[in-house]
Structures are given as structure tokens and as C-alpha cells.
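*Asks:* got a structure for you, letters missing:
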């Protein structure tokens, strides 16, 4: 999952679509979210091959890190819409609802994992399901979006679910049964995506989009049309 995230963003930099010439909130977003990827990889290593005591201490840093992610994630999405830089695989009105809800779903699953830290079977599976959500932006940059429009969003969430589904298969192979934490993780992802659709394509979603973009360059975007693909160079 970490490799998918790094590869997706690195690909956009190499192609000249992304650059370091970005607003401060974007740099804060990169620091905070890639920081979590580092924490997650380190925690996995510590839990399986390193020090459990250090794993537990670092876990409290991770708990505080989630607070920053819950704030910075939605802020950068709103800033992108305000500036008219909506992700081209989403309609702007959908993106401005989807992005914050996706971040908060990740934070919710990760928080549940921390609350259930003494039940390691639940703890690691809920964390894994939450981490899968963060692969979305990486996957969105790796799939050939222009060739699969307007189904890029559906393909992306399907690929996200491949990670917890791999956990389901692993349980079946090693335990002979599926741990219920996987169904909570998968069910939560699907439930929130369904809720996202209901909100985004309703008067509420349109009102959110108009409130965010009022007087801003993003107001020129059609709320339910795909923005143009970014140029390379």
C-alpha cells in the first residue's frame, strides 16, 4: 500500500503534472500524509520484527497524527476546488464531498483500531482497512483515467477494496474463517462511498460546492462535469 501511494505521486511528478510549486497547505498535506505512511510502515515492522514497547510508544504519536490528518486532508481538498484544480477523474461537486469523507473514514477506522489496541486481531485489521483508503489518490494517479472515464471513480474504489479483500483471503487460507473486522472495514468503506454519492448529487452537495467556490476561480467549474485533464510539462 505504501508503494502504491509513493508510486502514484512520484509518477505525477515525473510526468510534470505535479510540482513543488504549490500552496503551503499542499506541502503541509504531503508532510502529514506521507508522515503517516512512514509511521504505518514503521509500526508494522516494529510489531512483527522489532520492539513491541517502541511500537506502543510510537502508537501515541500516531494517535495525535490522526488529528492533523483529519484537519489538513479536507483543507487541501477544499483549497483545490477553490483554485479550480479539481481532480479530473471526479466531478467537482462530488470531489468536494468525497475527499473530506474519505479522510474522515480513514481517521475513524484508524481511531477504532487504536481504541481496540489490546485486541490485536481487531487492531491490525482495522488499521489495514483504514490504510487502504489512503491508497486512493495513488491509485487515481496510476490508472489510465482518460481511458476509463467516467468509471475511474468506481475502478479506484474497487482497487482500494482489493487490499482488505486480500486480508479476507489470507484469513480463509490461514484461519479457515474470516475475521469480522474485515467486514467492518469493507462495509464502512462501501457505506461511506454510498453516502458520498447521495450527498454529492443532491441539493446539499451542490450547496456545499457553491459555498466553497463562491468568489473563487473554482466557481467557473461546472459542478457536475469532469474538469479538463492537466497538461504535462
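*Replies:* Ah, there it is. Since we're looking at a predicted model, the values are computed, not measured. Residues are numbered from 1 along each chain as shown.
*Asks:* Every contact and neighbour count from this point should use C-alpha atoms.
*Replies:* Fine.
*Asks:* Helix, strand, or coil at the residue in the chain sticking out farthest from the centre?
*Replies:* Distance from the centre of the chain peaks at residue 176, with 30.4 Å (C-alpha atoms, centre = their mean). At residue 176 the chain is in coil, as set by DSSP: H, G, I helix; E, B strand; the rest coil.
*Asks:* Which secondary structure element of this protein has the lowest mean pLDDT?
*Replies:* Taking mean pLDDT, DSSP states H and E as the measure, the chain has helix 145-148 as its least confident helix or strand, at a mean of 73.
*Asks:* Any buried residues in the helix or strand hosting residue 98, and which?
*Replies:* Residue 98 is located in helix 92-115, with elements delineated by DSSP states H and E. Within helix 92-115, the residues that qualify as buried are 92-114, counting by 16 or more other C-alpha atoms under 10 Å.
*Asks:* need the contact list for residue 37.
*Replies:* By C-alpha atoms under 8 Å, 6 or more residues apart in numbering, residue 37 lies in contact with residue 2.
*Asks:* Sticking with it, tell me its helix or strand.
*Replies:* helix 24-48.
*Asks:* Could you do residue 86 as well?
*Replies:* Here residue 86 is assigned to no helix or strand, by DSSP H and E.
*Asks:* can you pull the contacts of it?
*Replies:* 80, 92, 95, 227.
*Asks:* Reformat these as JSON lines; add pLDDT.
*Replies:* What follows is the contacts of residue 86, written out as JSON lines (pLDDT from 0 to 100):
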{"residue": "80", "pLDDT": "88"}
{"residue": "92", "pLDDT": "93"}
{"residue": "95", "pLDDT": "93"}
{"residue": "227", "pLDDT": "80"}
